[in-house]
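[1] Below are the sequence and a predicted model; questions follow.
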Amino acid sequence: MREIVVFSGSAHPSLSAEICTNLGVPLRAVRLTRFANDCLEVQLQANCRERDVFVIQPLGPPAQENLVELLLMLDAARGASAARVTAVIPHYAYARSDKKSMPRISIGGRLVADLLATAGASRVLTMTLHSPQVHGFFSIPVDHLHALREFADHFGRLDLTNAVVVSPDLGNAKNAAALARLLQLPVAAGAKDRHSDEEVTISSIIGDVDGRDVIVLDDEIARGTTILELLERLRERNVRSVRIACTHGLFSGGVLKQIGAQPEVQEIVCTNTLPTADDAVSAGLKVISIAPALAEAIRRIHEGESVSALFGAS
């Protein structure tokens, strides 16, 4: 295997540059052209022949635009005779589309997985999938990372004498329990029912949270409906303080300010799997970089070392 060659889509170039800095390799240029009929064309501006190529592109908004750009870059790398092409997708947005909740619903998570393989991806490197079963949608190898150690390092600096880790729902309880183990804390979870993309109810919280300092762990915050509902239930249990952590911070529709305005919320933390708006940082959002973790995973993939041994399977 020859040298690593890293390309970035237009979704999050600053993350790609930081990953390359940690790897000690240059970020190669990509020429993106939009024709008069609105079609995209991609040209990779570096030699890929028999190289180990990594294409970095989270599927954040606009997700469809970023997806097509990623597919074109993968196709270009395969057509340029790359020895191996790894799609590095820090945020795999279509992981939310993992099952049929109603008749005649498309399962986007599986379809996009097929498209990535068809376009030329030899493997995928991603982080904190919304649904673990999406891992099984891929016909190519997938390295699935998480940010639990980064969150544990961050919260481990606090006084956690009276703290508890809370998952908003039972589906994310495994990750919350893993963070609780790292912090040596108890864990609790909400009993959540999702009625639509804009409406959820949490009927109860399973576990002891009364009067405690709460660390809420979620995989993604978009509209914030789940977090706001959870805060209502925590308020009923007279929690002392709340700190909120998520891997993917979309924070659409001004929800970041809405969550931050809740009296018990002391801190909101996310990683940089997606670009963060300037007003989000000014609103008090703490952003933790996962570039070192992704860079180390890329190095291990390139050198044939174990990725799961470093980050733990998820």
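    That came through fine.

[2] who touches the residue nearest to residue 67 when sequence neighbours are not counted in this structure?
    Using CB to CB, 6 or more residues apart in numbering and skipping residues adjacent in sequence, the residue nearest residue 67 is residue 59, 5.6 Å away. All C-beta atoms are positioned from the backbone trio N, CA, C, and that covers glycine. Residues counted as contacts of residue 59 (CB atoms under 8 Å, 6 or more residues apart in numbering) are 11, 66-67, 70, 89, 91-94.

[3] go on, residue 116?
    70-71, 74, 87, 124, 138, 140.

[4] How is the residue nearest to residue 190 when sequence neighbours are not counted assigned, secondary-structure-wise?
    With sequence-adjacent residues excluded and distances taken as CB to CB, 6+ apart, residue 190 is closest to residue 202, at 4.3 Å. Following DSSP: H, G, I helix; E, B strand; the rest coil, residue 202 is assigned to strand.

[5] From residue 153, how far off is residue 202?
    29 Å (CB to CB, to the nearest Å).

[6] for residue 49, same thing?
    40 Å.

[7] Residue 202 and residue 153: which is more packed in?
    residue 202 (19 against 11; other CB atoms under 10 Å).

[8] With only the CA atoms kept, save the strand or helix carrying residue 229 in PDB.
    Remark: residue 229 resides in helix 225-236, with elements defined by DSSP states H and E. The C-alpha trace of helix 225-236 is given here as PDB (Å, rounded to 0.1, in the frame of the first residue of the first chain):
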ATOM      1  CA  THR A 225     -37.900  18.200  20.800                       C
ATOM      2  CA  THR A 226     -36.600  15.200  22.800                       C
ATOM      3  CA  ILE A 227     -34.200  17.300  24.900                       C
ATOM      4  CA  LEU A 228     -36.800  19.900  25.800                       C
ATOM      5  CA  GLU A 229     -39.300  17.100  26.700                       C
ATOM      6  CA  LEU A 230     -36.600  15.400  28.800                       C
ATOM      7  CA  LEU A 231     -35.900  18.700  30.600                       C
ATOM      8  CA  GLU A 232     -39.500  18.900  31.600                       C
ATOM      9  CA  ARG A 233     -39.400  15.500  33.200                       C
ATOM     10  CA  LEU A 234     -36.100  16.200  34.900                       C
ATOM     11  CA  ARG A 235     -37.500  19.400  36.300                       C
ATOM     12  CA  GLU A 236     -40.300  17.400  37.900                       C
END
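
[9] buried set for it?
    225-227, 229-231, 233-234 (16 or more other CB atoms under 10 Å).
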